[in-house]
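Visitor: Sharing a model prediction with you, sequence too.
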Amino acid sequence: MSEVVSYALEGDVAVITVDNPPVNALSLPVRRGLAQCVERFAADASAKAAVLFCAGRTFIAGADITEFDKPIEEPWLPKVVHQMEDCVKPIVAAIHGTALGGGLETAMACHYRVAVDTAQVGLPEVTLGLLPGATGTQRLPRLAGVQAALDAMISGKPMPAKIAHEKGIIDALVDGELKAGAVKFAKALVNEGKGPRKVRDIKIDAASLPATFFADYRKSMAREARGFFAPEQIVKCVEAAVALPYFDAVARENALFMECMASTQSKAQRHMFFAEREVAKVPDVPKDTAMRAIKQVAVIGGGTMGGGIAMNFANVGIPVLVKEINQEALDRGMNIIRANYEGTVKKSKLTQAQMDKCMALITPTLDYNAIGDADLVIEAVFETMSVKKEVFEKLDTVCKPGAILASNTSSLNVDEIAAFTKRPQDVIGLHFFAPANVMTLLEIVRGAKTSKEVIATCMTLAKTIRKIGALVRVCFGFVGNRMYFPYVREAQRMMLEGVAPERLDRVAHEWGMAMGPHAVSDLSGLDVFDKLNKEWKDKPNDPSYCRMIGVLVSKGRLGQKSGAGIYKYEGRNAVPDPEVTALAKAEAAALNIPQLEVTDTEIIERLFYAMINEGALILEEGIAMRPSDIDVVYCHGYGMPRHRGGPMQYADTVGLDRVYQAMQKYRTRYGDLYWTPAPLIEKLVKAGKTFEQWSSDRA
Ligand code: 3H9
């Protein structure tokens, strides 16, 4: 028998147990083991029914994602699930933890399903650029109905066992010990003479679907699915479920699954799955590093950023003080927080009682001494070193020993900030992204002297407040903003060369960015960029560098907030402004910058290759630990679509040799200043390697 799947008898019930830590993924040995155990059960005259149970923390959490880059090895999952379904004696799936993807597909091939009420079930394949490829697209519509099945598969979100029970996916909820409950359920089947029941035999009531059902569904998912390949494939599978005989539809599912698996999108999304787990691992900070308890937080500065940061802690039940310099600013800040929560209540995403609980955890204060007991203080004040100095010198005097002193700086030198205190080991950067209560990224900036204890505490804290923490080192702009500057630089330069802002933004948006760079600049405030440029000590010696930002700011065009920036605004609607085009033309003439015919391909190359080159420099300097950490930063903090997998994965997809050649082309046109390929890129091109290979070579 297999090492990861075992067979035992409990009276006349066979218990087939999968034990493949950590999440019982359906690796080849599990599939083989399942096939063998089902065969043994079928042949075992003493067993009248079987229970499929999983050891450890969860039921099967899906196919083994690590196998998707390798050739398929038999028995492939669709074959195994049909073998189970065709068994002439009943099999009961006993679900705890998360039955996901291939896990739920296996459960749906069993004849009955029971679960503990803490379990969750779902088909999250879409998040990996895949579709449920082991008959899930055929079975879920039969059990839960076409609409509910599509909703589950297109969102990829798991549902609690109770809901799954209501929808008919689960037959019974088990109180108490699961295995015993499932065996009891199986025995009752035997006693009542109930045999196997095949989900595939359930008829889908096609006549009850409106004629426009699928067309309407496609429209309704268009926004969420923009640019992604898998959602449309899933809809096609469900159309097949409705229109075709079961096995024809399964063949269609299989063909569409293979297309997904071979796609660069799925490769990128699978890369993101592992990147998001890898990012939490810090080689020089062992897992058992002592951590500090964070029971009280204080935020210095109650502006939009400070307020958003405070909400993160209140949302998870951690009391937080918000300190401002005067009552007016404090009231304004608290009102913004309240309005934010009210908006969420209005959208029914929070109850009034939950909002009240959160608000009660946020205490406004004007008194520095009030924060003396805080375990973590996050400064979110003006982005100027002199202001940071004032705050950190004060924190050093009022905070208790052992308190973590964090700066929400988006670019400034954390070591310099740490030096304003006598406890640099306790100082760290916690860079939140606006809106801080929404964006999932937290860039955690370790200074030269930040202690491992403080790093470990902050990495764990990121998870506590439901963010993804990416650990980086000190440089101007850290990882995210430092790579964003060349991207904005190219967007700005192309404006001078005659590329209309709305065209450039459209091309970037079509590539997959949530918003184009000009629209983001206007949203963040052109003055913010202008100030950052002024704070940057090693700014490129180039008068054209982000020229239009300075010009527009000098004319009071600060972006959305002033009603005009790169665009003019009618409400929140950005409208192209001929005045800006004329200004850009005049500036270009003054700087002797020729007007160019720039293709869409060039727009993409210049925006993203400039970013990628900076990423390569960042890796060489050790500012980011891995290329995949950079990808996490970009997909979680900068609106890059998961189907691209982040800038470094995108570079690998395009091919570093192509990136390199394009850079050489721009180097010839613009000179060495911006377009000299990073030595790491040169090295990898010579070796014929990718960033990913470079990363795994070093691991
Ligand atoms: C599928 O099923 C396709 C089929 O339809 C068709 C086939 C023909 N494979 O997340 P965690 C690893 S597609 C391999 O930190 P948690 C993970 O990398 C699949 N490895 O734990 C990590 O490793 P490490 C559909 C996997 O408790 C460790 O397990 N299923 C897999 O926070 C712990 O993971 C999904 O998409 C896997 N499937 O969350 C579900 N899953 O320790 C994917 C996890 O070395 N999984 N690992 O860093 C999850 O959503 C979460 O892992 C889960 C547990 C909720 C289960």
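Guide: Here it is on my side, so go on. Residues are numbered from 1 along each chain as shown.
Visitor: Can you name the residues of this protein that neighbour the ligand?
Guide: In this structure, the chain approaches the ligand at residues 22-23, 25, 58, 61-66, 77, 98, 100-102, 105, 124-125, 128, 130, 132-134, 136, 274, 277, judged by C-beta under 6 Å from any ligand atom. Backbone N, C-alpha and C define where each C-beta goes, glycine included.
Visitor: Would you agree Val80 is in contact with Leu34?
Guide: Yes - contact between Val80 and Leu34 holds when scored by C-beta atoms under 8 Å: they sit 5.4 Å apart.
Visitor: anything in contact with each of these two?
Guide: With C-beta atoms under 8 Å, 6 or more residues apart in numbering applied, the overlap between the contact sets of Val80 and Leu34 consists of Thr106.
Visitor: thinking again about what came up before, which of the residues of the chain next to the ligand are buried?
Guide: With neighbours counted using 16 or more other C-beta atoms under 10 Å, the residues of the chain next to the ligand contain these buried positions: 23, 25, 58, 61-65, 77, 98, 100-102, 105, 124-125, 128, 130, 132-134, 136.
Visitor: Now the terminal residues of stretch 160-173, how far apart.
Guide: For stretch 160-173, the separation between the terminal residues is 11 Å (C-alpha to C-alpha, to the nearest Å).
Visitor: contacts for that stretch?
Guide: 95, 104, 108, 112-121, 140, 143-145, 148, 159, 185.
Visitor: got the end-to-end distance for stretch 97-111?
Guide: In terms of C-alpha to C-alpha, the two terminal residues of stretch 97-111 are separated by 20 Å.
Visitor: What residue in the stretch 351-500 of the chain comes nearest to the ligand?
Guide: Among the residues of the stretch 351-500 of the chain, Lys463 lies nearest to the ligand; the distance is 9.2 Å by C-beta to the nearest ligand atom.
Visitor: Please apply the same query to the stretch 101-250 of the chain.
Guide: Each residue of the stretch 101-250 of the chain has a distance to the ligand, by C-beta to the nearest ligand atom, and the smallest belongs to Gly101, at 2.4 Å.
Visitor: What are the neighbouring residues in contact with that residue?
Guide: Listed by C-beta under 8 Å, 6+ apart, the contact partners of Gly101 are Ala61, Gly62, Ala63, Gly122, Leu123, Pro124, Glu125, Pro132, Gly136.
Visitor: now do Cys358
Guide: Taking C-beta under 8 Å, 6+ apart as the criterion, Cys358 is in contact with Met311, Ala314, Asn315, Tyr341, Leu350.
Visitor: cool, and Val15?
Guide: Val15 makes contacts with Tyr7, Ala8, Leu9, Ala50, Val51, Phe53, Lys179, Val183, as judged by C-beta under 8 Å, 6+ apart.
Visitor: Next: Ile294.
Guide: Shown in contact with Ile294 (C-beta under 8 Å, 6+ apart): Ile318, Asp375, Leu376, Ile404, Thr457, Leu461, Thr464.
Visitor: Output those residues as a markdown table; include the columns secondary structure.
Guide: Listed next are the contacts of Ile294 as a markdown table, based on DSSP: H, G, I helix; E, B strand; the rest coil:
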| residue | secondary structure |
| --- | --- |
| Ile318 | coil |
| Asp375 | coil |
| Leu376 | strand |
| Ile404 | strand |
| Thr457 | helix |
| Leu461 | helix |
| Thr464 | helix |
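Visitor: Give me the subset of the buried ones among the residues of the chain next to the ligand lying in helices.
Guide: Leu77, Gly102, Glu105, Gly136 (DSSP state H).
Visitor: And for whatever residue of the stretch 501-650 of the chain ends up closest to the ligand, nearest residue in space, chain neighbours not counted?
Guide: Closest approach of the stretch 501-650 of the chain to the ligand (C-beta to the nearest ligand atom) occurs at Ser628, with a separation of 12.0 Å. Of all residues not flanking Ser628 in the chain, Ala275 sits nearest, at 3.6 Å (C-beta to C-beta, 6 or more residues apart in numbering).
Visitor: What's the separation between that neighbour and Ile444?
Guide: 16 Å (C-beta to C-beta, to the nearest Å).
Visitor: neighbour-wise, which of these two wins?
Guide: Under the criterion of other C-beta atoms under 10 Å, the comparison of Ala275 against Ile444 puts Ala275 first, with 26 against 23.
Visitor: The more buried one: what's it in contact with?
Guide: Applying C-beta under 8 Å, 6+ apart, we find Ala275 in contact with Ser628, Asp629, Asp631, Val632, Gly645, Gly646, Gln649.
Visitor: 6 Å instead, please
Guide: For Ala275, the contact set (C-beta atoms under 6 Å, 6 or more residues apart in numbering) comprises Ser628, Asp631, Val632.
Visitor: quick one, helices of the stretch 251-400 of the chain?
Guide: Chain-ordered helices for the stretch 251-400 of the chain, with DSSP state H, counting those that start in this stretch as the definition, fall at 264-278, 304-315, 327-346, 352-361, 385-398.
Visitor: thought Pro627 was touching Trp694?
Guide: No - the pair Pro627 and Trp694 fails to qualify as a contact (C-beta atoms under 6 Å) at a distance of 7.3 Å.
Visitor: where does the chain have its least confident helix or strand?
Guide: Of the helices and strands making up the chain, the lowest-confidence element is helix 526-535, at a mean of 86, by mean pLDDT, DSSP states H and E.
Visitor: can you list the residues that contact it?
Guide: Applying C-beta under 6 Å, 6+ apart, the set of residues contacting helix 526-535 from outside is Ser411, Cys546, Ile549, Gly550, Leu552, Val553, Leu558, Gly559, Gly565.
Visitor: repeat for stretch 106-117
Guide: Against stretch 106-117 from outside (C-beta under 6 Å, 6+ apart): 52, 60, 81, 84-85, 90-96, 99, 139, 161-162, 170-174, 178, 182, 185, 196-197, 199.
Visitor: Which PyMOL command selects the buried ones in those?
Guide: Here is the PyMOL command that selects only those of these that count as buried (16+ other C-beta under 10 Å):
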select buried, resi 52+60+81+84+85+90+91+92+93+94+95+96+99+139+161+170+171+173+174+178+182+185+196+199
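Visitor: among the contacts of stretch 106-117, which are in helices?
Guide: Taking DSSP H, the ones among these that sit in helices are Val81, Met84, Glu85, Arg139, Ala161, Lys162, Leu178, Ala182, Phe185.
Visitor: count of neighbours near the closest residue to Pro283 other than its chain neighbours?
Guide: Sequence neighbours aside, Met625 is the residue nearest to Pro283 in space, at 7.4 Å (criterion: C-beta to C-beta, 6+ apart). Number of residues near Met625 (other C-beta under 10 Å) recorded here: 22.
Visitor: May I have the predicted confidence score for Met625?
Guide: According to the predicted model, the pLDDT of Met625 comes to 97.
Visitor: Just the buried residues from the contacts of stretch 160-173, in PyMOL please.
Guide: Selecting the buried subset of the contacts of stretch 160-173 in PyMOL, with 16+ other C-beta under 10 Å as the burial test, is done by:
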select buried, resi 95+104+108+112+113+114+115+116+119+120+121+140+143+144+145+148+159+185
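Visitor: where does this protein have low pLDDT?
Guide: 1 (pLDDT under 70).
Visitor: How is it partitioned into domains?
Guide: Split into domains by automatic domain parsing, the chain comes to 5-262, 297-472, 480-622+626-698.
Visitor: coming back round to it: any idea how far Cys475 is from the residue nearest to Pro283?
Guide: 14 Å.
Visitor: all helices of the stretch 451-600 of the chain, in order?
Guide: 452-464, 480-496, 501-511, 517-524, 526-535, 547-554, 578-590, 600-620.
Visitor: can I get the ones you listed in a markdown table with distance to His636 and mean neighbour count?
Guide: Conversion of these to a markdown table gives the following (distance: least, C-beta to C-beta, whole Å; neighbours: other C-beta atoms under 10 Å):
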| stretch | distance to His636 | mean neighbour count |
| --- | --- | --- |
| helix 452-464 | 11 | 20 |
| helix 480-496 | 9 | 23 |
| helix 501-511 | 18 | 20 |
| helix 517-524 | 15 | 23 |
| helix 526-535 | 20 | 19 |
| helix 547-554 | 25 | 20 |
| helix 578-590 | 31 | 16 |
| helix 600-620 | 15 | 22 |
